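Engineer: Structure of the sequence below:
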Amino acid sequence: MTRTFLAIATLVALSTIPPFGSGEALAQDAVRKADLHRGEVVAAQGLEGVPACAQCHAFNGASDGSGAFPRLTGQPASYLVRQMHDFASSKRDSAIMSPIAGKLSAGDTDDVSAYYAAAGGSFPPLATGDAALVEKGKAIARVGDATRSLQACNNCHGPDGAGFPPEIPYLAGQYAPYLELSLHMWKEGYRKNSPDVMARVAKQLTDEEIAAVAAYYQQVREMTAAAPANEGGESR
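Structural biologist: Numbering: from 1, shown residues only. Next comes the predicted model:
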């Protein structure tokens, strides 16, 4: 009787052991998929103790156009998630974003990031910057400055700042005031994420060059659209 019981118990125990090689598949199944609908609700309504993202970034992620708040629409979800974690950990200090990021769960962050990554906010025409300043920014963005070992911004951020999903954000069409502020924060050491790349590059730039790069990337979408007619279809 005892032997029969042990045999049955052994068979039951063995039947609960997952097949060899299935651990990875089970782990993948356990990974939570972002809920875009819930992210939409968080963006529009917020959560208890957390204001609606749309108050600053607009429902479609295009923000208010003033440049005080960055465009989120279409940025890679993984990049947005990483920035939220950086705000929560104070790698990025912000009187507005750090408290908000600290109150969001991992699921909240995943959901709202996925929502804004999939959002379709338009790129409205923006005020044209000083032509000479934009050209200066264009040269830095595309070529850099070999005499100072200053690499071109496009080396990391893609042709004319189009971005390299899922990790590298686009800069093309991003608001100049936001880009300028971010570069100054890296330059002065207030923004601590990407110390080996962005902080190093920002420290090489003069204030005028920072303004130039920011002005260029804000306008680059319109410049690219006009290129075939104005520049004979120059490759960008």
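Engineer: use CA for all of it now, contacts and neighbours both
Structural biologist: Will do.
Engineer: Let me see the domain layout of the protein.
Structural biologist: Per automatic domain parsing, the structural domains of the chain span 36-118, 131-230.
Engineer: Distance to P125 and mean neighbour count added to these, as a markdown table?
Structural biologist: Shown next, in a markdown table, are the domains of the chain (distance: least, CA to CA, whole Å; neighbours: other CA atoms under 10 Å):
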| stretch | distance to P125 | mean neighbour count |
| --- | --- | --- |
| domain 36-118 | 10 | 19 |
| domain 131-230 | 8 | 18 |
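Engineer: Mind telling me which of the ones you listed the model trusts least?
Structural biologist: Looking at those, the lowest mean pLDDT belongs to domain 131-230 (a mean of 92).
Engineer: out of everything not next to it in sequence, what's closest to R38?
Structural biologist: Of all residues not flanking R38 in the chain, D111 sits nearest, at 6.3 Å (CA to CA, 6 or more residues apart in numbering).
Engineer: Report all helices and strands that the strand or helix carrying that neighbour contacts.
Structural biologist: D111 belongs to helix 106-118 when elements are defined using DSSP states H and E. Contact here means 3 or more CA pairs under 8 Å, 6 or more residues apart in numbering; DSSP states H and E; on that basis helix 106-118 packs against helix 36-45, helix 77-89.
Engineer: Could you dump those helices into CSV with distance to N155 added?
Structural biologist: Shown next, in CSV, are the helices and strands packed on helix 106-118 (distance: least, CA to CA, whole Å):
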stretch, distance to N155
helix 36-45, 32
helix 77-89, 18
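Engineer: And the residue nearest to P169 when sequence neighbours are not counted, how far from W186?
Structural biologist: Using CA to CA, 6+ apart and skipping residues adjacent in sequence, the residue nearest P169 is G163, 4.9 Å away. Noted for G163: a distance of 19 Å to W186, by CA to CA, to the nearest Å.
Engineer: try L150
Structural biologist: 16 Å.
Engineer: okay but E209 is in contact with G137, surely?
Structural biologist: Yes. Counting by CA atoms under 8 Å, E209 touches G137, with 6.6 Å between them.
Engineer: the helices in this structure, which residues?
Structural biologist: Counting by DSSP state H, the chain has helices at residues 2-15, 23-30, 36-45, 54-57, 77-89, 97-103, 106-118, 131-142, 154-157, 176-188, 198-204, 207-230.
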